[in-house]
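Asker: Take this sequence and fold it.
(one chain, ligands or ions: 1)
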Amino acid sequence: MDPAQFWSTGDYAVVGDLWSAPGRDLAAALPVRGRDVVDLATGTGATAIAAARHRARSVAGVDVAPPLLEVARHRADAAGVDVTWLEADMASVPLPSESADLVTSTFGIIFAADPRAALSEARRLTRPGGRVVFTSWSGTGLFGRIRQTLAPYFPDSPEPWHETPEEIGSVAGPGAEVTEQAFTMTVASPEGFVDLMHRHSAPIIRGAHTIGDRWPQARARLVDVVRASGEEHRGAFRIPVGYLVTTLTV
Ligand SMILES: C[S@@+](CC[C@H](N)C(=O)[O-])C[C@H]1O[C@@H](n2cnc3c(N)ncnc32)[C@H](O)[C@@H]1O
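Answerer: Below you'll find the predicted structure:
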């Protein structure tokens with residue numbers, strides 16, 4: 001399916017805000033000040049806006065889904081930062097080669113139909129000596145477990161390439177440096193989180209629609225996985241979520 005149509009399903013802003021900490025942490029950790037940054041598959045712009053807040057010289061946020069870019073534009077205006085938003089496929093970005101010192105992608109490049117083509121485009125955009133840095137869900141973290149739980153319901157899903165350092169190295173090349181990190185996600189409850197995803201997350205909405213009356217069974221399994229991954233805390237539910245940060249030096 002066309003990725004713009006796919007990702008325009010639901011309301012990404014609602015769920016994306018639950019896992020926006022890695023993008024903010026990335027922008028804080030990277031030397032963005034005075035640098036040119038391109039954020040691929042920017043979604044509602046959390047990482048791009050954080051880079052602009054950390055005083056990048058310029059920031060471009062690229063995404064294929066217009067409704068998400070619209071939210072990003074409003075959020076950047078509200079934050080008083082200047083970001084150029086580009087509606088484009090991350091494998092074919094309308095920017096000159098060597099446009100950026102840093103090319104980032106938080107949980108974005110992992111959804112490219114052809115990850116090698118997207119990584120090659122990211123490298124094309126990066127100046128010599130610059131870096132491509134992207135985050136992905138770890139196989140042992142919450143979202144890896146969610147994917148594994150849903151895999152029997154979707155036997156034709158592509159094999160992930162981004163859940164372990166070895167997999168990433170086999171696609172991104174031997175120069176890929178991969179580190180493991182984690183953040184804490186707070187949700188109302190395991191059931192509340194799964195139902196929120198079912199209402200607003202494109203992959204879950206589409207997946208649930210595909211499996212039809214098997215969704216209640218899948219939902220019950222997901223609730224069990226989420227419950228086993230975290231703990232109640234002051235009336236809410238906290239989950240440590242593992243992810244990987246990959247750096248490619250160009
Ligand atoms: C899980 S979201 C991540 C969004 C954002 N980077 C974040 O951290 O919240 C995945 C994003 O990839 C975008 N995307 C998927 N395929 C794309 C493609 N071929 N080109 C550009 N963006 C794409 C979707 O529109 C969506 O915004």
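Asker: Might you enumerate the residues of this protein proximal to the ligand?
Answerer: 3, 7, 16, 20, 23, 41-43, 46-47, 63-65, 68, 89-90, 106-108, 111-112 (C-beta under 6 Å from any ligand atom). Any C-beta I mention is one placed from the backbone N, CA and C, and that applies to glycine too.
Asker: From the residues you listed, which land in helices?
Answerer: Of the residues of the chain next to the ligand, the ones assigned to helices by DSSP state H are 3, 7, 16, 23, 46-47, 68.
Asker: Once you drop chain neighbours, what's closest to Ile239?
Answerer: Excluding the flanking residues, the one nearest Ile239 by C-beta to C-beta, 6 or more residues apart in numbering is Gly230, at 3.4 Å.
Asker: In this structure that neighbour contacts Phe193, no?
Answerer: No - if you go by C-beta atoms under 8 Å, Gly230 and Phe193 don't touch, sitting 9.2 Å apart.
Asker: list the contacts for the residue positioned nearest the centre of the chain?
Answerer: The centroid of the chain falls nearest to Phe107 when counting by C-alpha atoms, centre = their mean (1.9 Å). Phe107 makes contact with 19, 22, 41, 135-137, 243, according to C-beta atoms under 8 Å, 6 or more residues apart in numbering.
Asker: can you list these in JSON lines and add neighbour count and pLDDT?
Answerer: Formatted as JSON lines, these follow (neighbours: other C-beta atoms under 10 Å; pLDDT from 0 to 100):
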{"residue": "Trp19", "neighbour count": "19", "pLDDT": "97"}
{"residue": "Pro22", "neighbour count": "21", "pLDDT": "98"}
{"residue": "Ala41", "neighbour count": "26", "pLDDT": "98"}
{"residue": "Thr135", "neighbour count": "24", "pLDDT": "98"}
{"residue": "Ser136", "neighbour count": "28", "pLDDT": "98"}
{"residue": "Trp137", "neighbour count": "23", "pLDDT": "97"}
{"residue": "Tyr243", "neighbour count": "24", "pLDDT": "98"}
